[in-house]
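Asks: just the structure for this:
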Amino acid sequence: MVLLLHAGKVPEDLPEFFGTPDRFARMVERHPDLVVVLAHLGGWEMWNGVREHLIPAGENVYFDTAYVSPSLTSEESCDLISEMGADRVLFGTDYPWTDQAEEIEFVGEMDLSDREKRLILSENAKRLLFR
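Replies: Predicted coordinates:
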């Protein structure tokens, strides 16, 4: 089973966010066999926490690209993905909030190898879903 979760801040002005990188890192530590995909490259607008807590959290932690293009540049996203490893990133759009074609173009514009882009756009999802 693969568990997909919203990660990071939410658009509403709430006093607390529950899907934070440090909380997910603790969850993964308690459940090391759980495979999780954390939306928004692990934490929408909480990417420093992603670097600190989630990138080192383990091989069963994956990230998706959903709705990062409005907040991160192509270069910033590429840097974060390079730190994660493209083999841990899946394509996502967060539809209807973003347009799928624009999100594919966003990944295509990143300074990643063709192999890394194939991993993100299809191969990682196939590997996870058909394990």
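
Asks: in three-state terms, how would the nearest residue to residue 69 once chain neighbours are set aside be classified?
Replies: For residue 69, the nearest residue in space outside its immediate sequence neighbours is residue 106; the separation is 4.5 Å by Cβ to Cβ, 6 or more residues apart in numbering. (Glycine included, C-beta is placed from N, CA and C.) Put simply, residue 106 is helix when judged by DSSP: H, G, I helix; E, B strand; the rest coil.

Asks: helix or strand for the residue of the chain most remote from its centre, which one?
Replies: Seen from the C-alpha centroid of the chain, the residue lying at the greatest distance (Cα atoms, centre = their mean) is residue 15, 23.5 Å away. For residue 15, there is no host helix or strand (DSSP states H and E).

Asks: that one and residue 9: what is the separation?
Replies: The gap separating residue 15 from residue 9 is 12 Å, by Cβ to Cβ, to the nearest Å.

Asks: and the residue nearest to residue 69, how many neighbours?
Replies: If you count neighbours by other Cβ atoms under 10 Å, residue 106 ends up with 21.

Asks: over to the one 3 residues further on?
Replies: Residue 109 sits with 15 neighbouring residues when counted by other Cβ under 10 Å.

Asks: not counting its neighbours along the chain, what's nearest residue 49?
Replies: Nearest non-adjacent residue to residue 49 (Cβ to Cβ, 6+ apart): residue 21, at 3.5 Å.

Asks: next one: phi and psi at that neighbour?
Replies: As for residue 21, its main-chain torsions (degrees, to the nearest 10) stand at phi -60, psi -40.
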